[in-house]
Structure formats: C-alpha cells, structure tokens
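**Student:** the amino acid sequence is not available; the structure is as follows:
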Ligand SMILES: Nc1nc2c(ncn2[C@@H]2O[C@H](COP(=O)(O)OP(=O)(O)OP(=O)(O)O)[C@@H](O)[C@H]2O)c(=O)[nH]1
C-alpha cells in the first residue's frame with residue numbers, strides 16, 4: 001500500500017517535471033518569436049524609408065551633373081535622416097567611385113581619406129540586385145565606429161532603368177542591440193542575431209564560441225524551432241528575407257534549476273499528502289484494532305465497556321443473536337403452553353432412543369372434550385396451560401423435557417432417569433393436577449399416562465408402546481399411569 005502510494009507520487013512528480021519543462025520550452029519559443037517580430041518590424045520600417053530615398057535619389061541625383069543641383073536633394077535626405085533616430089549616416093555611391101555621405105563631416109576620421117565605397121560588401125551586393133534590400137554589418141570610416149548596420153539598395157533611374165549606384169543607410173548597431181537587451185526572456189539566457197553562414201550579426205556582449213555558431217548553422221534548418229546541443233538549449237526563428245536568425249541560448253543548468261524550483265513545490269505537496277494519507281491509514285488501522293479488541297473482550301467477559309462505537313456494535317451483535325435465538329425458540333415452542341412442540345420432540349426423541357436409560361411417557365388429559373363443552377375453550381386452554389406449568393415445575397433439576405405432542409396430549413422424555421424415578425415424577429404430577437382447584441368450582445382435571453423404556457426398539461415402536469399403555473390406562477378408568 002505505502003509502496004504503491006510512493007510509486008504514484010514519484011510518477012506524478014516526474015510527469016509534472018516533464019510538463020513544466022515543456023511549458024518553459026513553449027515560453028522560450030514564444031519569446032524568440034516576439035523578438036524576431038519586433039526586430040523585423042524595426043528593420044522593415046527603415047527599409048521602407050531607404051527604398052523611398054533610393055527612388056527620389058534616382059530621379060534627382062546624377063553624379064555626372066555636378067554638385068550644384070544636389071543641394072536640394074541633400075537637404076531632403078538630411079531631413080529624412082533627422083526623422084530616423086537610430087540612423088547614423090546615409091551614403092549614395094556609384095560604380096565610378098563617386099559618393100556623397102550625409103551628414104557632411106568637416107573633419108572625418110582618417111580612415112575616410114582613402115575610402116572607396118566600391119570595396120564595401122554592401123555596395124557590391126546591392127549593385128548586382130535590383131529589388132532586394134541588403135543588410136550587413138560594417139565599419140563606418142567617417143566616424144570611426146566599428147559597427148553600423150547597413151541597409152543598402154540599388155538606385156535605379158525610373159525613366160531609363162540605368163543604375164545610378166547604391167544607397168546605403170547606416171544604423172547604430174547599439175540601438176538594435178537594445179532591442180535584444182531590453183527584451184525580457186522567461187529565464188536567464190543569451191539572445192543574439194546571426195546569419196545562415198554562422199556569422200554573428202548583432203550580439204549585445206555575449207561570448208559565443210565559433211563551434212557553437214557552427215553547430216547552430218547545422219541544426220537550425222527550419223524556419224523556427226529548438227534543439228539541445230552541448231548542455232545548452234537553443235531556440236531560433238528566421239528573420240526572412242534577410243537570412244538571419246534570432247537565437248536564444250539557455251544553459252541546461254538554468255532550465256533545470258527553474259524546472260526543479262517549480263517541481264519541488266509539487267513534490268512537497270505530494271510528500272505532505274502522502275504523509276497525511278499514511279498517517280490516516282495507520283491511525284484508522286490502530287483505531288479499528290482497538291475497537292476489535294474491546295469488542296472481543298466485551299464478548300468474552302460479557303461486559304460492555306465504555307465506548308460508543310463498541311457499545312453499538314456489541315448491542316447490534318447481541319440483539320441479532322437474540323433475534324436468531326428467538327426465531328429458533330419460537331420454531332420449537334408451543335405458544336399456548338410454553339412447552340417444546342412436536343417438531344422439537346421429533347428431533348429429540350431419536351437422540352434419546354440411542355442413549356442409555358431413557359424413558360418416554362405419553363400423557364392425555366381425561367375427558368377434555370367435556371371440559372371444553374361445559375366451560376368453553378378458554379377454560380380448556382387454562383387447563384392445558386396449568387397442566388403444563390405443574391409438569392414443568394415438578395421437573396426440578398432432573399433431565400426431564402415436556403413436549404406438547406398434539407391437542408391435549410403431552411409427551412415426556414426422561415434422560416438418564418430410571419423407570420421408578422419417572423413413575424414417581426408422573427405420579428406427583430398426576431396427584432398435584434388432580435388435587436388442583438380451579439376457579440370453576442366443579443372442575444376436576446386428571447390425566448392418564450403410558451410410560452415405557454426407550455432404546456430397545458425403533459422410535460415408532462416405542463411411541464406405539466407408550467400409546468398402547470396410555471390406551472390401557474384410559475380403559476382402566478383414567479387418572480392412571482401404566483408403565484412397562
Ligand atoms: N380448549 C382447547 N381444546 C382443545 C385443544 N386441542 C384439542 N382440544 C380439544 O380436545 C378435545 C379432545 O377430545 P377427545 O379426543 O374426544 O378426548 P377426551 O374428551 O379427552 O376423551 P378421553 O381422551 O377419552 O378422555 C377435543 O374436543 C378438542 O377440540 C386446545 O388447544 N384447546
């Protein structure tokens with residue numbers, strides 16, 4: 001029992017462990033999805049503006065036409081730049097090496113002096129394509145910033161389709177990092193952006209080993225998902241169409257600690273419930289044991305000891321036993337005289353016939369019909385009852401049993417009693433009945449009896465012999481006892 005309960009508790013706690021872990025997995029996936037959505041919205045907003053700037057630049061800006069007509073475009077671009085809080089600069093460059101960079105810096109960083117935009121990856125990729133915006137991380141030679149996030153697009157003349165170069169918007173990487181820093185993961189973890197080639201795009205200061213990046217590129221094959229690698233859980237989601245991934249790295253220890261923290265509450269609850277159950281089980285067993293012991297000793301001693309439950313149980317057992325005994329008693333007793341009835345006689349006579357020194361007497365009231373006829377049946381009943389009472393009273397401690405054999409006939413079984421003693425008993429009974437005064441002044445009652453030995457013939461023959469003697473007694477004038 002206790003073992004089964006403990007087993008159930010362990011199974012429930014384990015199921016709870018798996019359930020909590022699964023719930024954290026979902027939370028992390030949701031977190032990565034939200035970061036990806038937010039980052040996507042953030043970058044798309046800037047991409048739309050860059051696209052608009054590229055379109056306007058294509059219409060208004062031709063490097064071949066000199067600088068004068070650029071002023072209005074420059075002002076327009078500067079205005080756009082001002083409304084983009086995270087934008088660092090914008091560059092329009094063509095494949096002849098001409099470029100303008102806004103805002104204009106009077107003292108650019110020394111790196112800018114020999115800078116050629118055509119050597120930048122954002123230029124080479126963007127100039128080959130006509131539709132898709134390109135995202136890359138670069139250094140800004142003008143400010144000396146090591147990292148800017150560049151969104152680049154080709155500048156295509158709307159009228160003749162000629163390529164006027166590339167427009168590139170540089171965003172402050174630190175601002176994009178803030179998205180990742182300020183996002184609230186469900187647990188302590190590292191969140192960063194990398195591309196499909198395993199290169200880090202944005203990483204707010206986490207240390208990510210190159211082999212980890214390699215492993216992620218091999219495992220992160222779907223649009224989104226999660227996997228376990230080298231004691232870490234990884235949750236990822238693609239940032240299409242940039243070919244980037246938002247990655248969240250959770251240490252296995254961190255996940256296990258959280259799951260353990262949650263599961264331990266359930267385990268404590270289960271443990272407490274188990275202890276309470278076992279205690280109740282033990283207490284009930286002990287209480288029942290005490291009750292059984294008290295009932296047993298009550299039954300053995302015949303004394304009901306204090307204690308409501310035991311008393312009730314004892315009473316119930318006792319009264320049910322009494323009911324049972326009464327049913328048996330009623331089944332074997334004549335209701336008028338209180339003597340044992342014919343059914344009891346039929347059972348007992350066989351037993352007596354197999355024993356030594358047993359005798360049978362058949363008794364019949366004399367002239368009973370006349371008594372009934374003269375004084376009525378109720379008086380006849382009283383006579384029957386009085387006869388039985390006298391016979392019973394005279395038995396004393398002897399093993400003499402009286403049976404109402406039928407009508408006004410009574411059978412008597414003498415167990416281990418000599419013929420003389422039996423005769424003496426019957427005689428005393430006959431005299432006491434015959435001398436008995438009734439309320440009815442003229443009522444005189446007597447009986448005749450036939451007494452014989454048992455055991456030397458069948459029951460039927462013994463009864464027939466006693467009946468024959470009774471018949472003889474009647475014939476000889478009644479109020480007589482004959483024996484053989
Ligand atoms: N009051 C009463 N009468 C009974 C009962 N059982 C049998 N009797 C009556 O007992 C009478 C027996 O009459 P009989 O068989 O003629 O015998 P008897 O009148 O005693 O005559 P002898 O036996 O020859 O002395 C019948 O009238 C029965 O109705 C009973 O329980 N109560």
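**Tutor:** Done, it's in. Everything numeric here is computed off the predicted structure, so don't read it as measured data.
**Student:** distance check, residue 265 against residue 27.
**Tutor:** 18 Å (CB to CB, to the nearest Å). The way it works is simple: take the backbone N, C-alpha and C, and place the C-beta from them, glycine included.
**Student:** between those two, who's got more neighbours?
**Tutor:** residue 27 (14 against 11; other CB atoms under 10 Å).
**Student:** how about that one, nearest residue that isn't a chain neighbour?
**Tutor:** Ranked by CB to CB, 6 or more residues apart in numbering and with sequence neighbours excluded, the top spatial neighbour of residue 27 is residue 186, at 4.2 Å.
**Student:** just after the longest helix seen in the chain, pick out the following helix or strand.
**Tutor:** The longest helix of the chain (DSSP state H) is helix 2-60. Later in the chain than helix 2-60, the nearest helix or strand by DSSP states H and E is helix 70-82.
**Student:** which residues sit against the very next helix or strand once past that next one?
**Tutor:** Where DSSP H and E defines the elements, the next helix or strand beyond helix 70-82 is strand 87-93. Defining contact as CB atoms under 8 Å, 6 or more residues apart in numbering, one finds that strand 87-93 is touched by 46, 53, 57, 61, 77, 80-81, 99-103, 117-118, 123, 140, 142-143, 145, 148, 155, 165-172.
**Student:** in three-state terms, label whatever residue of the stretch 201-350 of the chain ends up closest to the ligand for me.
**Tutor:** Relative to the ligand, the nearest point of the stretch 201-350 of the chain is residue 336 (5.9 Å; CB to the nearest ligand atom). For residue 336, the secondary structure call by DSSP: H, G, I helix; E, B strand; the rest coil comes out as coil.
**Student:** just to revisit the earlier point, was I right about the residue nearest to residue 27 contacting residue 29?
**Tutor:** No. Between residue 186 and residue 29 there is no contact under CB atoms under 8 Å: 10.0 Å.
**Student:** how about the contacts made by the residue nearest to residue 458 when sequence neighbours are not counted?
**Tutor:** Leaving aside its chain neighbours, residue 458 sits nearest to residue 353 (7.7 Å; criterion: CB to CB, 6+ apart). Counting by CB under 8 Å, 6+ apart, residue 353 touches 454, 455, 458, 459, 462.
**Student:** who in the stretch 351-484 of the chain is up against the ligand?
**Tutor:** Counting by CB under 6 Å from any ligand atom, the residues of the stretch 351-484 of the chain lying close to the ligand are 364-370, 372, 377, 380-381, 384, 407-408, 474.
**Student:** just the buried members of those residues?
**Tutor:** Among those, those buried by neighbour count (16 or more other CB atoms under 10 Å) are 364, 365, 366, 367, 368, 372, 380, 384, 408, 474.
**Student:** pLDDT added to those residues, as a markdown table?
**Tutor:** Putting those into a markdown table (pLDDT from 0 to 100) gives the following:
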| residue | pLDDT |
| --- | --- |
| 364 | 98 |
| 365 | 98 |
| 366 | 97 |
| 367 | 96 |
| 368 | 96 |
| 372 | 96 |
| 380 | 97 |
| 384 | 97 |
| 408 | 94 |
| 474 | 97 |
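**Student:** tell me which of these fall in strands.
**Tutor:** Among these, the residues falling in strands (DSSP state E) are 364, 365.
**Student:** and the stretch 101-250 of the chain, which of its residues are near the ligand?
**Tutor:** Applying the criterion CB under 6 Å from any ligand atom, no portion of the stretch 101-250 of the chain neighbours the ligand.
**Student:** which parts of the stretch 101-250 of the chain are strands?
**Tutor:** Using DSSP state E, counting those that start in this stretch, the strands of the stretch 101-250 of the chain run over 134-138, 148-156, 163-172, 190-195, 200-202, 224-229, 232-239, 244-251.
**Student:** please report how far the residue of the stretch 201-350 of the chain closest to the ligand lies from residue 380.
**Tutor:** Distance of residue 336 to residue 380, computed by CB to CB: 10 Å.
**Student:** near the residue of the stretch 1-150 of the chain found nearest the ligand, how many other residues are there?
**Tutor:** The nearest approach of the stretch 1-150 of the chain to the ligand comes at residue 1, 64.2 Å away (CB to the nearest ligand atom). A count of neighbours around residue 1, defined by other CB under 10 Å, yields 8.
**Student:** burial count for the closest residue to the ligand within the stretch 101-250 of the chain?
**Tutor:** Shortest the stretch 101-250 of the chain-to-the ligand distance, computed as CB to the nearest ligand atom: residue-wise this is residue 186, at 98.3 Å. By other CB under 10 Å, 15 other residues sit near residue 186.
**Student:** residue 333 too?
**Tutor:** Using other CB under 10 Å, residue 333 has 17 other residues around it.
**Student:** now for it: which residues touch it?
**Tutor:** Contacts of residue 333 (CB under 8 Å, 6+ apart): 339, 340, 341, 344.
**Student:** assess the claim that residue 334 and residue 341 are in contact.
**Tutor:** Yes. Contact status for residue 334 versus residue 341: in contact at 4.5 Å, counting by CB under 8 Å.
**Student:** joint contacts of those two?
**Tutor:** In contact with both residue 334 and residue 341: residue 404, using CB under 8 Å, 6+ apart.
**Student:** low-scoring stretches of the stretch 51-200 of the chain, by residue?
**Tutor:** 61-70, 129-130 (pLDDT under 70).
**Student:** circling back: in JSON lines: the strands of the stretch 101-250 of the chain, plus distance to residue 357 and mean neighbour count.
**Tutor:** Output for the strands of the stretch 101-250 of the chain, formatted as JSON lines (distance: least, CB to CB, whole Å; neighbours: other CB atoms under 10 Å):
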{"stretch": "strand 134-138", "distance to residue 357": "127", "mean neighbour count": "21"}
{"stretch": "strand 148-156", "distance to residue 357": "128", "mean neighbour count": "24"}
{"stretch": "strand 163-172", "distance to residue 357": "130", "mean neighbour count": "24"}
{"stretch": "strand 190-195", "distance to residue 357": "111", "mean neighbour count": "21"}
{"stretch": "strand 200-202", "distance to residue 357": "121", "mean neighbour count": "19"}
{"stretch": "strand 224-229", "distance to residue 357": "100", "mean neighbour count": "15"}
{"stretch": "strand 232-239", "distance to residue 357": "102", "mean neighbour count": "22"}
{"stretch": "strand 244-251", "distance to residue 357": "103", "mean neighbour count": "23"}
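**Student:** out of those, nearest to residue 21?
**Tutor:** With CB to CB as the criterion, residue 21 lies closest to strand 232-239 of the strands of the stretch 101-250 of the chain, at 9.7 Å.
**Student:** and that closest one, what's its mean pLDDT?
**Tutor:** For strand 232-239, mean pLDDT is 94.
**Student:** and it, what does it pack against?
**Tutor:** Contacts defined by 3 or more CB pairs under 8 Å, 6 or more residues apart in numbering; DSSP states H and E place strand 232-239 against helix 2-60, helix 210-219, strand 224-229, strand 244-251, helix 252-301.
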